[in-house]
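Student: Here is the input, now give the coordinates:
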Amino acid sequence: MPISIANLTDFCVQALTREGLSITDATTTADALVTADAMGVFTHGTKLLAGYLHRLKGGGYRAAGRPRVEREGPAWAVIDGDSALGQVGSVFAMRTAMTKARNVGIAYVGLRNTGHIGAAGYYAVMAAREGFIGMVTGNDMPSVAAPGSRGAVLGSNPIAYGVPVGNGDPILLDMATAAVAGGKVYAAHQRGESIPPTWLIDSEGQPTTDGSLYPHHASLAPMAGHKGYGFGLWCEILSGILPGGRITWEIGSWIFDEPSKPSWHNASFIAIDVATIAPPDQFEARLRKLIDEIHAAPTAEGIERVLLPGEREGALFRQAQAQGIALPADVLAKLEGVAKEYSLESLLRTN
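Tutor: Model (predicted):
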């Protein structure tokens, strides 16, 4: 049964405020999680809520955490996330980047000591909807092998970008630099589904289809071999090295560590103000020409047209606005557990 965006958002806000978040921070976090679900990215949506609440309850994530600018210049800043939820720190960081970019054209902001940031594309789209080209990277504890390694070397470090498209949906690419996000391995294993041999590398450095081995006895494969490895390293440098945050094994597991421990995640945010660098009407016309050219490309049999990154997610979001979100069974089970723990009305009854 589809669940409305409003009801799902309200449910998340209620749960988060029970753990001490302000209405503002709870709404910020809920919007990021629900938007991911509405766009069909269920691994990074409200399925994460229970884990966040667990770490808030244990104190590893600080409900009262306040991200703050540690040092800055006209086109850059470094922010201490104060172990607040990653959505709270990331929205603050991207807004800081946009404010600076309006003055100088382009700005970089590094966010250190934050929580798990969820869907990196959410913040890239946030920038794109305000006329900026946005790029987001993140780092995580190692879970991804490097070409030739027998174990994890880097995290499944995400990279995302968003590009404004006039009145249309932004172009959006949001991907892990692993062959697949770790959440998809968990989800497939929980559903009893086999996984492709391109997803995991076992402890001997060989491909495996056994999802139960991850993460303790297998690593994620890097996306496209050495290419994904190179992008993952780039994310580590922008997210952790440059702002002085923790890197690789210094980062904790927000899922498996004791809930009293911070996870020390890090991220980077780049905003490019289109209007500062290019006449907006000229930029939009040139981009529209490119989009039309891609849409008009000859297609294989059974394919209506070539899609741009983000078109599928934009269509799903509009459908969710009109019809609600059909959450997968594993996500609903997580949310029903939250309802029981926090004495909230079941989403299945409120919709």
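Student: for the stretch 201-350 of the chain, what are the low-confidence residue spans?
Tutor: 350 (pLDDT under 70).
Student: can you map out the helices along the stretch 201-350 of the chain?
Tutor: For the stretch 201-350 of the chain, applying DSSP state H, counting those that start in this stretch gives helices covering 226-236, 274-277, 280-295, 311-323, 329-341, 347-350.
Student: Can you report how many residues lie near Q14?
Tutor: Look at Q14: counted by other Cβ atoms under 10 Å, it has 17 neighbours. From N, CA and C alone the C-beta is placed, and that goes for glycine too.
Student: give the contact list for it.
Tutor: By Cβ atoms under 8 Å, 6 or more residues apart in numbering, the contact list for Q14 reads Y342, L344.
Student: quick one, which of the helices of the stretch 201-350 of the chain is packed in tightest?
Tutor: helix 226-236 (a mean of 20; mean count of other Cβ atoms under 10 Å).
Student: Residues in contact with it: which ones?
Tutor: 137-139, 144, 146-147, 153-159, 177-179, 222-223, 247-248, 268.
Student: In PyMOL, how would I select just the buried ones from those residues?
Tutor: The buried subset of these, as determined by 16 or more other Cβ atoms under 10 Å, is captured in PyMOL by this line:
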select buried, resi 137+138+139+144+146+153+154+155+156+157+158+159+177+178+179+222+223+247+268
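Student: Tabulate the helices of the stretch 201-350 of the chain (a markdown table), appending distance to A101.
Tutor: What follows is the helices of the stretch 201-350 of the chain, written out as a markdown table (distance: least, Cβ to Cβ, whole Å):
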| stretch | distance to A101 |
| --- | --- |
| helix 226-236 | 20 |
| helix 274-277 | 7 |
| helix 280-295 | 14 |
| helix 311-323 | 24 |
| helix 329-341 | 35 |
| helix 347-350 | 39 |
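Student: And the closest residue to I117 other than its chain neighbours, how far from R55?
Tutor: Leaving out its chain neighbours, the residue that sits closest to I117 by Cβ to Cβ, 6 or more residues apart in numbering is G86, at 3.7 Å. Distance of G86 to R55, computed by Cβ to Cβ, to the nearest Å: 11 Å.
Student: wait, what's in contact with the closest residue to A296 other than its chain neighbours?
Tutor: Spatial nearest neighbour of A296, chain neighbours left out: R305 (7.8 Å); criterion: Cβ to Cβ, 6+ apart. Contact analysis of R305 by Cβ under 8 Å, 6+ apart lists H295, A296, A297, T299.
Student: quick one: which of these is most hemmed in?
Tutor: When neighbours are counted by other Cβ under 10 Å, H295 leads these with 14 neighbours.
Student: Quickly note the distance from it to G314.
Tutor: Using Cβ to Cβ, which is the criterion applied here, H295 is 14 Å from G314.
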